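# starting from these lines, generate the structure:
(one chain, ligands or ions: 1)
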Amino acid sequence: MFDDLKRHAAGIADRRIETLFDSSDRAEDFSVRLGDMLFDYSKTNIDEAGRGLLLDLLDRAEVAVKRDAMFNGQAINETEGRAVLHTALRNLDGGPVLVDGHDVMPGVLETLARMEDFASAVRDGRFAGQGGKITDVINIGIGGSDLGPAMAVKALAPYHDGPRCHFVSNVDPADIADALRACDPATTLVIVASKTFTTIETMTNARTAKAWMGESVADPAAQFAALSTAKDKTAAFGIDASRVFGFEDWVGGRYSMWGPIGLSLMIAIGPEAFRAFLRGGQAMDRHFQHAGWAENMPAMLALVGLWHNQVLGHATRAVLPYDNRLARLPAYLQQLEMESNGKGVSMDGADLAFDSGPVVWGEPGTNGQHAFFQLIHQGTRVIPCEFLVAARGHEDELHHQHQLLVANCLAQSEALMRGRTLDEARDKVAEKFDGAELERQAKHRVFPGNRPSTTLAYPQLTPEVLGQIIALYEHRVFVEGVVLGINSYDQWGVELGKELATALQPIVEGGDASGKDGSTAGLVGFLRGNGL
Ligand SMILES: O=P(O)(O)OC[C@H]1O[C@](O)(CO)[C@@H](O)[C@@H]1O
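The predicted structure is shown next:
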């Protein structure tokens, strides 16, 4: 799949990225626009020929056919026999979407309307707790039932005019305990978010929250809502059907924030702003479906990823939002990308002949600059960086501070590309040192440069722009997955640990650990000896 590209890469191995800018319109040529969003990949070593070979991948993998199959509701999640239709959740004014001949859109729009009614009632007090208007919402969920809304509530803080939102995910009792301590049970709404309504962490925390509420109010279940595909289980938990917001198995957990799983976000920012978020996602869908590949933002973002990870062999990529409210975006993308494309076999069960998706990690700038950027600039491994930056923040009175943020973002990608030569480093320290000491000191100040980065730039982090960004990354994952020939929509790799945890529970509660391996038995013994 990648042989031609690897040969091409070998041929340009010594070429420096900045020399590509000798052609004056490179910045324009090697960037993609959607409305007022810009994806700039000119600071990579991709040239015209390399881009041509990358674009060939899309045809060879029949990405267009598979993209259409996804939007048309075919069961492209082959190992689970399911369609993949999170796009239907934001198909606000679109046409019918058929699954097995049945149009899912009336159901999607009806659920959206019910969510809007409920969110409005919570926000304006028509739905109240047993002690009055809802002041706090606790979303209990994990993975895709947590990361999306948690990331988005933080991202859209300037639009947050509803009750406070708390997100509890970890089975570590510290997580729920901290949230409960901050809330009054009589004015708190608990949302249990779980596609399956079986996830051990979520169900354990939900029971803890119900017991906590039961100590203070007469009818704790009346202050619970549920977001799930499993209505029998939400009923068994005691949550009235009027506060259950269902979805179908064609919405994957990590793709689910556009529907009921986004309820906490909708309560926080209001139905109108939530619709703007959906509209942003839908705009990216339309672009992905209709733009030619070279002008197609998700496709080009995917090809840049494949170039860096599968062709050049860089094992990780850093996501670096110079937008502090996107602090949870790297964690969100870790699930989206790594749970989707962290697979070792292709769709037909054959061992993958190349690397699976990369390790994704990151932190907002400028914080990262004072932490791990040292390694990105001077470490021996190349880490492709993906910057995100807005033209303006929401703090108009502090715009000068925002400008400083932007200067830092642009400076980092420039520094990564240009680096600093030994001669330049010598000049820096020539006044202080001479002779062998000058050489030694200068060496430490050399930056190899030639390190690739991309920048996604947008006017402001509005709900609509956030929708575009999230849908952009979703489609990127799809394209990369299709080219790699894997199923991006299952997650069998999370099962073994879950099974072993279930088997270990009776052992950590005092059972016999002798059947376990020496390390596990030893750790149980140590922890027991220290209060387990
Ligand atoms: O929404 P649920 O069913 O509780 O699942 C939570 C998360 O657990 C996973 O299944 C992985 O364990 C994720 O894919 C999912 O987002």
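# mind listing what's buried in stretch 498-508?
By 16 or more other C-beta atoms under 10 Å, the buried positions in stretch 498-508 come out as residue 507. In this view, the C-beta of every residue, glycine as well, is placed from N, C-alpha and C.
# pLDDT of it, averaged?
Stretch 498-508 carries an average pLDDT of 94.
# could you see whether the ligand lies near that stretch?
No - judged by C-beta under 6 Å from any ligand atom, stretch 498-508 makes no contact with the ligand; its nearest approach is 6.7 Å.
# how about stretch 186-205?
Yes - counting by C-beta under 6 Å from any ligand atom, the ligand has neighbours in stretch 186-205: 194-196, 199, 202.
# check contacts around the nearest residue to residue 214 once chain neighbours are set aside.
Leaving aside its sequence neighbours, residue 214 sits nearest to residue 220 (C-beta to C-beta, 6 or more residues apart in numbering; 4.3 Å). By C-beta atoms under 8 Å, 6 or more residues apart in numbering, residue 220 lies in contact with 185, 210, 213-214.
# what pLDDT does residue 220 get?
97.
# and it, how far from residue 9?
60 Å (C-beta to C-beta, to the nearest Å).
# repeat that for residue 102.
For residue 102, the distance to residue 9 - C-beta to C-beta - is 47 Å.
# more neighbours: which of those two?
residue 9 (18 against 11; other C-beta atoms under 10 Å).
# so which bits of whichever strand or helix holds that one are buried?
According to DSSP states H and E, residue 9 maps onto helix 3-11. Neighbour counts over helix 3-11 (16+ other C-beta under 10 Å) mark 4-6, 8-9 as buried.
# same deal with stretch 148-168?
Applying 16+ other C-beta under 10 Å to stretch 148-168 flags 148-156, 159-160, 162-163, 165-168 as buried.
# what's the average pLDDT for that stretch?
Mean pLDDT, computed over stretch 148-168, is 98.
# show the contacting residues for the nearest residue to residue 131 once chain neighbours are set aside.
Of all residues not flanking residue 131 in the chain, residue 186 sits nearest, at 2.4 Å (C-beta to C-beta, 6+ apart). Taking C-beta under 8 Å, 6+ apart as the criterion, residue 186 is in contact with 129-132, 216-217.
# point out the ones among these that are inside strands.
129, 132 (DSSP state E).
# by neighbours, which of the contacts of residue 186 wins?
residue 129 (22 neighbours).
# give me the distance between that one and the ligand.
25 Å (C-beta to the nearest ligand atom, to the nearest Å).
# skipping its backbone neighbours, what lies nearest that residue in space?
Distance criterion C-beta to C-beta, 6+ apart; nearest residue to residue 129, sequence neighbours excluded, is residue 187 at 4.3 Å.
# buried subset of the residues of stretch 186-205 next to the ligand?
194-195, 199, 202.
# hang on, the earlier thing: in CSV: the contacts of residue 186, plus distance to residue 83 and pLDDT.
Listed next are the contacts of residue 186 as CSV, based on distance: C-beta to C-beta, whole Å; pLDDT from 0 to 100:
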residue, distance to residue 83, pLDDT
129, 38, 98
130, 41, 97
131, 43, 97
132, 43, 98
216, 43, 96
217, 41, 97
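# can you name the two of the contacts of residue 186 that are farthest apart?
Greatest spatial distance in these: 132 and 216, 12.8 Å, computed using C-beta to C-beta.
# pretty sure residue 123 is touching residue 273, no?
No - between residue 123 and residue 273 there is no contact under C-beta atoms under 8 Å: 11.4 Å.
# how about the residue nearest to residue 129, what does it touch?
So residue 187 contacts 128-129, 131-136 (C-beta under 8 Å, 6+ apart).
# now the helices: where do they sit in the stretch 51-200 of the chain?
With helices called from DSSP state H, counting those that start in this stretch, the stretch 51-200 of the chain shows them at 63-71, 105-124, 147-155, 173-181, 200-214.
# among those, which is the most enclosed?
helix 147-155 (a mean of 25; mean count of other C-beta atoms under 10 Å).
# got the residues of this structure near the ligand?
So far as C-beta under 6 Å from any ligand atom goes, the chain lies against the ligand at 142-145, 194-196, 199, 202, 253-254, 339, 491, 494.
# can you report how many residues lie near residue 470?
Neighbour count for residue 470, taken as other C-beta under 10 Å: 26.
# quick check: which element contains it?
Counting by DSSP H and E, residue 470 is found in helix 463-484.
# so the residue nearest to the spatial centre of the chain, which state does it fall into?
Nearest to the geometric centre of the chain sits residue 333, at 2.3 Å (C-alpha atoms, centre = their mean). Here residue 333 takes the helix state, with states given by DSSP: H, G, I helix; E, B strand; the rest coil.
# dump the residue contacts of it.
319, 360, 362, 473.
# from these, which ones fall inside strands?
319, 360.
# for the ligand, what's its nearest residue on the stretch 251-400 of the chain.
Proximity to the ligand, evaluated over the stretch 251-400 of the chain using C-beta to the nearest ligand atom, is greatest for residue 253 at 2.7 Å.
# how about that residue, nearest residue that isn't a chain neighbour?
residue 144 (3.1 Å).
# unless I'm mixing things up, residue 454 is touching residue 305, no?
No - proximity of residue 454 to residue 305 does not meet the contact threshold set by C-beta under 8 Å, at 9.2 Å.
# list residues touching both of the two?
residue 384.
# from the centre of this protein, point out the most distant residue.
Furthest out from the centre of the chain (C-alpha atoms, centre = their mean) sits residue 435, at 50.7 Å.
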